[in-house]
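>>> Pasting a predicted model and its sequence here:
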Amino acid sequence: MKKIAVIGAGKWGQALAYALRQKCEVVITSRTERDIPGFVSLDAAMEIENIVMAIPAQAVREWLGKHYGMGDHNILVAAKGIEAETGAFLNEIYEAFVPRTHLTYLSGPSFAKEVMEGLPTALVLNSHNRLAATAWSEAFPDFIKTYVSTDVIGAEIGGAYKNVIAIAGGICDGLKLGENARASLIARGLVEMARFGREFGANEETFLSLSGAGDLFLTASSKLSRNFRVGLGLAEGKTLDEILEELGEVAEGVGTAKALHTIAKTNDIYLPIANEVYAILEGKDPMESLKDLLNNRRR
Ligand SMILES: NC(=O)C1=CN([C@@H]2O[C@H](COP(=O)(O)OP(=O)(O)OC[C@H]3O[C@@H](n4cnc5c(N)ncnc54)[C@H](O)[C@@H]3O)[C@@H](O)[C@H]2O)C=CC1
Ligand SMILES: O=C(CO)COP(=O)(O)O
């Protein structure tokens, strides 16, 4: 893989461009002109066969409809999330535009800040086409250890679900509920993630490793996480609009919480934590949610 174009110059797009530039020639594009290394126009980027898609999950369908049409680029999907309005997974959206053999999904515990600092990181390249995932894995530099998996849905669910539990982690810390509470929340969040994954044919082992537990531990325990910081703001009683305005970056857990709430209702899946996060995002008092979570007797 010699030449790569990154679409989306947010924190993650820029971090991936930095990492991949260690071994490959990398250009990057965004909606607005940016003074960053390798910036090119969208048209120039689309001339390149290997594309990293780093635009947020909630923007993917509109972007593909507007800028892509049908194509056969080798695409690495870097976003994590489930479409809020429809409950669609990213693989369902992308496969309407690109053959699934050309699609690979990136997952694993990876704050953009630490990748930009060249700190050791482990990532998983997930594709129905193992050769495509392997080609992407070989493009990453030595400070990033890569694994290859064919469990696309498991990786997608792990990366999306952890963002919702991360909001809960931030609420827990913001309410000063203590370490016991946060550890229990993360553990039960992992159980819920795996329960949800089983409904969609995911490989349970995926949730025990980088795409599930690894990304969940990282994101639900750290102020580096935007989703964790959304939770902190909710615990302080700020409105979601105030929080997102202050954040100035995407927090995918907000849209994914809505998607999980819809899917849980439609498919009768027991997702107590995700549903309480959705309720809090809709205005429920976090302490009321805590009481409901502690008092419910279902296992
Ligand atoms: N920041 C991080 O540490 C990591 C982020 N991710 C994922 O990467 C994805 C992108 O996140 P970040 O780059 O961190 O977010 P960000 O908020 O830093 O940047 C988002 C970028 O997407 C662009 N964008 C937003 N709406 C758009 C649209 N409708 N059309 C085209 N471009 C649009 C924005 O202009 C911005 O450049 C998310 O799904 C996130 O979960 C994954 C791993 C790590
Ligand atoms: O996905 C991430 C780390 O793996 C980034 O998490 P946040 O979007 O919560 O910052």
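Perfect, I can see it now. Ligands and ions are numbered 1, 2, ... in the order given.

>>> Up against ligand 1, what does the chain have?
By C-beta under 6 Å from any ligand atom, the part of the chain that sits against ligand 1 consists of 8-13, 30-31, 54-57, 59, 62-63, 78-81, 110-112, 249-250, 252. From N, CA and C alone the C-beta is placed, and that goes for glycine too.

>>> By neighbour count, sort out the buried ones in those residues.
Listed as buried from these are 8-13, 30, 54-57, 59, 63, 78-81, 110-112, 250, 252; burial here means 16 or more other C-beta atoms under 10 Å.

>>> just checking, which of the residues of the chain next to ligand 1 belong to helices?
11-13, 62-63, 112, 252 (DSSP state H).

>>> Which members of those are the farthest-apart pair?
Comparing every pair within those by C-beta to C-beta identifies Glu62 and Ala112 as the most remote, at 23.0 Å.

>>> can you list the residues of the stretch 1-150 of the chain near ligand 2?
Contact residues, the stretch 1-150 of the chain versus ligand 2 (C-beta under 6 Å from any ligand atom): 80, 109-111.

>>> now, among these, which is nearest to Met1?
So of those, ranked by how close each gets to Met1 (C-beta to C-beta), first place is Ser110, at 19.0 Å.

>>> how about that closest one, phi and psi?
With angles defined as degrees, to the nearest 10, Ser110 sits at phi -160, psi 90.

>>> ok, it to Cys172 distance?
23 Å (C-beta to C-beta, to the nearest Å).

>>> What of Ala9?
33 Å.

>>> Please report the distance of the residue most central in space within the chain from Ala279.
Nearest to the mean C-alpha position of the chain, by C-alpha atoms, centre = their mean, lies Lys80 at 2.1 Å. Distance of Lys80 to Ala279, computed by C-beta to C-beta: 22 Å.

>>> and the next element down the chain from the helix or strand harbouring Leu185?
Using DSSP states H and E, Leu185 maps to helix 179-199. Remark: after helix 179-199, the chain's next helix or strand is helix 204-208, criterion DSSP H and E.

>>> Distance from that following helix to the middle of the chain?
Chain-centre distance of helix 204-208: 16 Å, with C-alpha atoms, centre = their mean, to the nearest Å.

>>> Which strands and helices lie in contact with that helix?
If contacts are counted by 3 or more C-beta pairs under 8 Å, 6 or more residues apart in numbering; DSSP states H and E, helix 204-208 sits against helix 152-174, helix 179-199.

>>> Past it, which element shows up next along the chain?
helix 215-219.

>>> And the average pLDDT for that next one is what?
Helix 215-219 shows a mean pLDDT of 98.

>>> do whichever helix or strand comes after that helix and ligand 2 meet?
Downstream of helix 215-219, the first helix or strand assigned by DSSP H and E is helix 226-235. Yes: using C-beta under 6 Å from any ligand atom, helix 226-235 comes into contact with ligand 2 via 226-227.

>>> who's in contact with the closest residue to ligand 2 within the stretch 1-150 of the chain?
Taking C-beta to the nearest ligand atom, ligand 2 has its nearest neighbour within the stretch 1-150 of the chain at Ser110, 4.5 Å off. Shown in contact with Ser110 (C-beta atoms under 8 Å, 6 or more residues apart in numbering): 121, 123, 215, 218.

>>> ok, and the most crowded of those?
Scoring the contacts of Ser110 on neighbours with other C-beta atoms under 10 Å, the highest-scoring entry is Asp215 at 30 neighbours.
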